[in-house]
Structure formats: C-alpha cells, structure tokens
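S.K.: Predicted model and sequence follow; I will ask about them next.
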Amino acid sequence: TTLFILNGPNLNLLGTREPEIYGTTTLAEIEAACIAKAREHGLRVDFRQTNHEGTLVDWLHEAHAGGAKAVIINAAAYTHTSIALLDAAKAITPPVIEVHLSDPQTRADFRHRSFIGQAADQCFKGKGLASYLEAIDAAAAL
Ligand code: DQA
C-alpha cells in the first residue's frame, strides 16, 4: 500500500528558505527520511511537491483513484486559503493527515485558520521533519 505525501508552494526551497523558521533540512532529505520511516511499516511512499493549487487538487483525486492508504499533506500557504483543497479532501476516501514544519498557531494571525484541517483526521506541526515522521506512524496505525 501507498502513502501519498504531498507538499505545496515554496517547500521546494526548504534548506535555504527562512531557515530560522523552517530549519536547514532540504525537501530531498525529508523525502529520504519519509521513505525510510514508511518502509519500517511496510508502506510505499509517493512523495511530491508543487507550487500549484490545482495540481494538489489533482493529486488528492489521484490518491483516491489509486486507493492510497492515506494522504499526508503540507499544503503550505494554501492551508490558509484553499477551499478547493478542503473540498477535495472531503471528496476522497483515503484519510487526510495535515502536517506543518512550523506551528502556524504561534505565528501571524492569518496562519491560524486551516481550511484543509477541517477535513483532516489529524495534524502534526511544529516539529520540522519529525512532524512528517509522526504523521507516517499515525497513517500506518490507521
Ligand atoms: C507551513 C506553514 C505555512 O503557514 C506556510 O505558509 C508554509 C509552510 C509549514 O510547514 O510550517 O509555507 O505549512
């Protein structure tokens, strides 16, 4: 079985992007750690990043059509803006788990609202790479 791990806008720049907030771990390093963690649970990972909202919608549909075990998603800034992602998350069968590197609740007000969070079963945030790894453990336990 496959876990989809989807990453939204600007996460391709991790490593150099606002390191005081997001750390210096690159997205490639996060991907490698996620693949290793999922393998412990006998799960395969489909790890992707896009800067485009509609592409994330398409990928949620793809996870549904392909019978993914779960979708772990860091929707990045679209977390706080995208009703399309919320609707897609509601429309699909695989459970959705929200992740963030930082803790948006402790940041600016406009980051406090999560649309996709309204359709997510669980949320792991504020722990950097560990947010992703804890989400994989939670997905494996579903
Ligand atoms: C983020 C938090 C969002 O508020 C922000 O727009 C991001 C990254 C995180 O992982 O901490 O791009 O999702």
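M.R.: Nice, thanks for sending it over. Numbers count the residues shown, from 1 in each chain.
S.K.: Quick one: name the residues of the chain near the ligand.
M.R.: Taking C-beta under 6 Å from any ligand atom as the criterion, the chain approaches the ligand at residues 10, 74, 76-77, 79, 100-102, 104, 111. To be clear about C-beta, it is placed using only N, CA and C from the backbone, and glycine gets the same treatment.
S.K.: Strands - which of these land there?
M.R.: Counting by DSSP state E, the members of the residues of the chain next to the ligand that fall within strands are N74.
S.K.: Bridged to T2, which residues?
M.R.: In this structure, T2 has beta-bridge partners R44, where bridges are defined by DSSP bridges.
S.K.: Count the residues that sit near it.
M.R.: Applying other C-beta atoms under 10 Å, we find 17 other residues in the vicinity of T2.
S.K.: Could you list the low-pLDDT ranges of this protein?
M.R.: Along the chain, no part satisfies pLDDT under 70.
S.K.: picking that back up, can you list the residues of the chain next to the ligand in TSV and add distance to A38 and neighbour count?
M.R.: Converted to TSV, those look like this (distance: C-beta to C-beta, whole Å; neighbours: other C-beta atoms under 10 Å):
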residue	distance to A38	neighbour count
N10	24	14
N74	16	24
A76	21	17
A77	26	15
T79	23	24
H100	19	25
L101	18	22
S102	23	17
P104	25	20
R111	28	16
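S.K.: Distance check, the residue nearest to the spatial centre of the chain against L85.
M.R.: Centrality entry for the chain: nearest residue to the mean C-alpha point is I73, 2.0 Å, by C-alpha atoms, centre = their mean. From I73 over to L85 the distance is 8 Å, taken as C-beta to C-beta, to the nearest Å.
S.K.: Just give me the residues shared between the contact sets of these two.
M.R.: Counting by C-beta atoms under 8 Å, 6 or more residues apart in numbering, the shared contacts of I73 and L85 are 56, 60, 116.
S.K.: Now do the helices in this structure.
M.R.: Across the chain, reading from the start of the chain, the helices by DSSP state H fall at 19-22, 27-40, 53-65, 83-91, 129-141.
S.K.: And those: which comes nearest T2?
M.R.: Between T2 and these, the shortest separation by C-beta to C-beta is 8.2 Å, and it involves helix 53-65.
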